[in-house]
Every structure is written in structure tokens, then in C-alpha cells.
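Participant: build me a structure from this.
(one chain, ligands or ions: 1)
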Amino acid sequence: MKKPLPEGKIRCDACPVLCFIAEGRSGACDRYANDAGRLVRLDPLTIVDGPNRTLVPFMSGAEPDDWNGDIVKGNRPFVTAIGAGTTYPDYKPAPFIVSQEIDGVDMVTVVTEGIFSYCGVKVKIDTDRHIGDERDVVYAQGEPVGHVMTSEYGSKMLSLGGVEHLTGGTKKEGRATCATLLALCNRAAVALKIGDDTNACEVIVQAGKAPIINGETERLMRVGCGSATIGMFAKQWLDHVDDVVVVDDHITGVLSEHEAGKQLSLEPTGIKIKGRRSTPGRYFQVAQPGTGWGGTDIEDPLTILGPFNPEFAREGLRLLMVSTTGEQFAYYELDDALVPQPRDLPVALRKSTDLIAENCEPSVCSVLFMGGAGGSLRAGVTENPVRLTRSVKETLTHVSCGGAQTYVWPGGGITVMVDVMEMPEGSFGYVPTPALVAPIEFTLRRSDYAALGGYMDAIKAVSQIVEPETRRVSRARSGHDPASAIHYRWSREKDL
Ligand code: SF4
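Facilitator: Here you go, the predicted model:
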């Protein structure tokens, strides 16, 4: 027998927490509230408008069936899952299953705010600076929330969250992880500590903004590695200097030895680089990683040079040393003992360092949400969830998050990745289990939906869903349109 509800309270059944909510109060996640005995979702449902939006007055009082569903003239509104709510337990249909005719094709979008226990973010930080070694632990609020992963070209990468941190550690770790993911996904700034106390680095990460590393705002993402920089700018240096060293933590380049220098007929200069020679003019491990020149720990570039070879070097030989962003540079001429002496940078060379800096892109942090669609989500679409997975793989069903384009990983399940900057602001929520709440939409033809065993009785026209208080947002920068025929296999087959 069911226990009676406490006096004046209603029960929210949108997630496993099953809050009892008193009148006028909200539940533990602040997403649902008790409004005069009615369970209401506090955030408005969000639709994405198409480009060239021309609003048509909403016809209050009109019968939904009288209306053709085109709430924005000549446009394609897309009902996202933001504010749609969640279904729990698994066997119920998704909160909204919406139909709309798009270019003569009857399409259905199943929208739900998924509760993701298996989720995290991948963070790309455009910087040369050393922020931690691969596999170093990343902390937030004093708790471990992720780790440093393999660096990419000009960027450091973090993997944060995941089920091990959300559920596999202490309660505190789970909460800190959830709070960190929520903030990052909603584009807020988060302070992270990387590595142990003896060698820790503090990084403030915010999607779409420059990282702040140990209190310093990063400006530029390097133009390339040291070797690539030599290749790109070799011609700029010809006639103005005898040798150039581009200092880089990964691949330091030396013009006179590099293939680019050889092809431009540069003479050997007798330069000696301390480091492991890979191929001509390309050196690894010239210094330790750090926050100095080119992501190394050096402030004085001469420390990576050995004595010049007198067989090739001569007094007056001109040497430029520059970092991969062009922000650090120094110019030297050899004295009669073949020791580099600092000199003012000639104007012609200043132009080349400026050109390197000009070719660098602004440094930003990118945050990609990654999650796996679990039971509630898939069972909210069809009673036969594996058919949904197959339909996604067969490109009959298109997956979006808040209307934004997703990347669906190959292999089993529905594991998606999405750039949070492409999603409407405030797309994410949480539940205290702890888990992240993220919008996810599945769009497909009505006929395909019927074929995979969809909840056909639950389908409603857009006109029945959209209300005057519905939040409208513009399409993302990429202009992604989840209902466009180009995403579906059938449109390509039609062309054949
Ligand atoms: S945490 Fe939120 S979604 Fe879960 S039961 Fe409570 S109010 Fe409902």
C-alpha cells in the first residue's frame, strides 16, 4: 500500500530522488516546484528559431487544430528539450513528442531532459604553457574531478567528470564533480587545481573565454610547433639573419639545419642545441615543460644553446631566438669568442616576430559535454530501445542537444558530444543523485518513428506545445537545423 503524502506536499517523480515538495517551494534541484498543488517545471520550454525570424502574433484563443503549426512565418522553429522536464521511471513516454511538417515531410521530435550519470566534459585549453603532466589529477573545491589527457596541437586537454567521479568516490567528490560540470556546461568560470601541492597549477576555465593560468590571462594560441614555425616564416628571415631558433617544449626548430633553410641555401652556422635531435633542424626536450618560452621552463633562451662550432661560426653571426607565439624574442650577434651578445632587434626582424604573433589565434577554452543516453532516455522514445540506437546509427534519427549539432560516437550505445557554446545559455541542470541534466532531442520521420515502435498516441502538434511564455532563442552560430533533410539517409537515397 502506498504511503499517504505528507500534509500539503506533492511528490516529484521526475528523478530517483522523489522529493516531497511543500506548496510554494521547489525541489532539491530547483527545477520543479509545487504551484498550488501542481507540479511545475520552473524553467520555460525553449524553442530555437530559424534565421530571418519574422514573428507572427500568437493567436490566443485559436483552436490548435486551426493553426498550421508555423509559429514563425517562413521559419522552422525547433522544440528543444530545455525546460521540457524528465521522465522517471523509464517506461513512460518522453515529456514531449512533437510533430511538425518540414518541407512536405512529416517529422517527429522526441524531447526530454536526460539525467546523465555517465557524463563529463572534455576541455581544450589553447596554450603552450605547461599546466600539468598527462594523467595528473584535476581538483575542484579540493576534490578530484578529472585528469589531464593527451595534449593536442597547441592545446592542453582535460577530461573532467565521468561516472567514477560522480558516483565512485565520496559524497563530497560526487557533489564537487557535479557542480564543476554544471558550471562549465552553463559557461561559468571554474577554478581548477592541477597536480599535487608541490607542483600545482591553478587554471580558471570558462567556455569561450581565455584561460587564466597561475593568475595570468593567456593571449595567444601558438601558430604551430617550432619546426612548423620555421617552415612557415623561413622566407621572412632570409637576408636579415643567419640563423633562427624557434623555442618550443615539443619540437624546437633551427632554421640553418631545417629542410626549409636548406632549400633556401642557408649556410651552417655551427649552432649547438642541447636537446634530443629528431631530424635535421628539429629537437625534442630542449628544456623542462613550464610557463616560460614556448611552453618550456626557460626565461633565458641562451640556456638551450651549447658552444658554437668554430668550424662554421664567425664573429658577427646574427641569431634570432623566438617563441612559438612570437611574444618572446631576443636577437644576438656573436662576439670574437663566438659567444652570443644581446643586441637591439632590427626593424626587419621585428616585423617577422609581429607576423608570427599576428598568425596566432586568440587563446580560448572549449568545453564539450559528453554523455551516454541511458535507459530513461531511450525508453522514453520507444518501448524497444535498441531500435532507437540502430535508427541513430542508420541516420534515420538525428540527435541534437538543445538544438545544437552533436557528434555521435561510433560503436554501441548513443554516446554524444556537443560544444556547449552552440547550445542556448542555461541548457544544463542537475539532480542531487548526483547527475547532470542535459537536453537531448531525437528527430525522425513520423513513419520511421512508427516503425521503431514509438509512442504514436503521445505525439502532439507544435501548436499544442508552444505557449506565450515559451522561451525563444536564435539558432546557434553554426546555424544547425536538426530537422533539415540533409541529416537523414532517406534524403540522400532520394537523390540517387
Ligand atoms: S531532485 Fe528535482 S527532479 Fe528530482 S525529484 Fe527532486 S525536484 Fe524532482
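Participant: those helices in this protein, which residues are they?
Facilitator: For the chain, the helices defined by DSSP state H cover 163-167, 171-185, 226-237, 259-263, 347-358, 375-379, 385-393, 446-451, 462-465, 489-495.
Participant: in the stretch 101-250 of the chain, what residue is nearest the ligand?
Facilitator: Per CB to the nearest ligand atom, residue 115 is where the stretch 101-250 of the chain lies closest to the ligand, at 8.1 Å. Every C-beta, even on glycine, is put in place using the N, C-alpha and C of the backbone.
Participant: out of everything not next to it in sequence, what's closest to the residue of the chain found nearest the ligand?
Facilitator: Proximity of the chain to the ligand (CB to the nearest ligand atom) peaks at residue 27, 2.1 Å away. Spatial nearest neighbour of residue 27, chain neighbours left out: residue 19 (3.8 Å); criterion: CB to CB, 6 or more residues apart in numbering.
Participant: contacting residues for the one you found?
Facilitator: 11, 12, 27, 28, 32 (CB atoms under 8 Å, 6 or more residues apart in numbering).
Participant: with residue 33 as the reference, measure out to it.
Facilitator: As judged by CB to CB, to the nearest Å, residue 19 and residue 33 stand 10 Å apart.
Participant: what touches both of these two?
Facilitator: residue 27.
Participant: and the closest residue to residue 124 other than its chain neighbours, how close does it get to residue 389?
Facilitator: The shortest distance from residue 124 to any non-neighbouring residue, by CB to CB, 6+ apart, is to residue 366 (4.3 Å). Here the criterion is CB to CB. By it, residue 366 lies 28 Å from residue 389.
Participant: helices or strands up against the helix or strand of the chain with the lowest mean pLDDT?
Facilitator: Least confident helix or strand of the chain, by mean pLDDT, DSSP states H and E, is helix 375-379 with a mean of 78. Other elements packing on helix 375-379 under the criterion 3 or more CB pairs under 8 Å, 6 or more residues apart in numbering; DSSP states H and E are strand 105-116, helix 385-393.
Participant: can you dump the C-alpha atoms of the shortest one in CSV for me?
Facilitator: Listed in CSV are the C-alpha atoms of helix 385-393, where the atom choice follows Å, rounded to 0.1, in the frame of the first residue of the first chain:
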residue,chain,number,x,y,z
PRO,A,385,15.2,1.0,-27.0
VAL,A,386,17.7,-0.9,-29.2
ARG,A,387,15.7,0.1,-32.2
LEU,A,388,16.4,3.8,-31.4
THR,A,389,20.1,3.0,-31.2
ARG,A,390,20.0,1.3,-34.6
SER,A,391,17.9,4.1,-36.1
VAL,A,392,20.6,6.6,-35.0
LYS,A,393,23.4,4.5,-36.5
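Participant: pLDDT of that helix, averaged?
Facilitator: Across helix 385-393, the average pLDDT comes to 94.
Participant: now it: buried residues?
Facilitator: Within helix 385-393, the residues scored as buried using 16 or more other CB atoms under 10 Å are 385, 387, 388, 389, 391, 392.
Participant: up against the ligand, what does the protein have?
Facilitator: Residues of the chain lying close to the ligand (CB under 6 Å from any ligand atom) are 12, 14-15, 17-19, 27-29, 31-32, 431-432.
Participant: which ones are touching residue 47?
Facilitator: So residue 47 contacts 71, 77, 78, 79, 80, 466, 470, 471, 472, 473 (CB under 8 Å, 6+ apart).
Participant: is the nearest residue to the third one once chain neighbours are set aside in a bridge, and if so with what?
Facilitator: Spelled out, it's residue 78. Leaving aside its sequence neighbours, residue 78 sits nearest to residue 48 (CB to CB, 6+ apart; 4.5 Å). In this entry, residue 48 is beta-bridged to residue 78, residue 473, by DSSP bridges.
Participant: residue 48: neighbouring residues, count only.
Facilitator: 25 (other CB atoms under 10 Å).
Participant: is it true that it touches residue 77?
Facilitator: Yes: taking contacts as CB atoms under 8 Å, residue 48 lies within contact range of residue 77: 7.0 Å.
Participant: now do the shared contacts for those two.
Facilitator: residue 472.
Participant: show me the protein divided up by domain.
Facilitator: Per automatic domain parsing, the structural domains of the chain span 43-117+374-495, 119-218, 228-358.
Participant: weakest of the ones you listed by average pLDDT?
Facilitator: Note on these: domain 43-117+374-495 shows the lowest mean pLDDT, a mean of 85.
Participant: so where do the strands sit in the stretch 1-150 of the chain?
Facilitator: Counting by DSSP state E, counting those that start in this stretch, the stretch 1-150 of the chain has strands at residues 9-11, 20-22, 32-35, 38-41, 46-48, 78-79, 96-102, 105-116, 119-126, 137-140, 143-152.
Participant: and of these, who's closest to residue 409?
Facilitator: When the strands of the stretch 1-150 of the chain are compared by CB to CB, strand 119-126 sits nearest residue 409, at 12.0 Å.
Participant: please tell me how far the closest one is from the chain's geometric centre.
Facilitator: Distance of strand 119-126 from its chain centroid, counting by CA atoms, centre = their mean, to the nearest Å, is 5 Å.
Participant: same for it, what does it pack against?
Facilitator: Partner elements for strand 119-126 (3+ CB pairs under 8 Å, 6+ apart): strand 155-161, helix 171-185, strand 201-205, strand 365-372, strand 435-445.
Participant: all good on my end, thank you.
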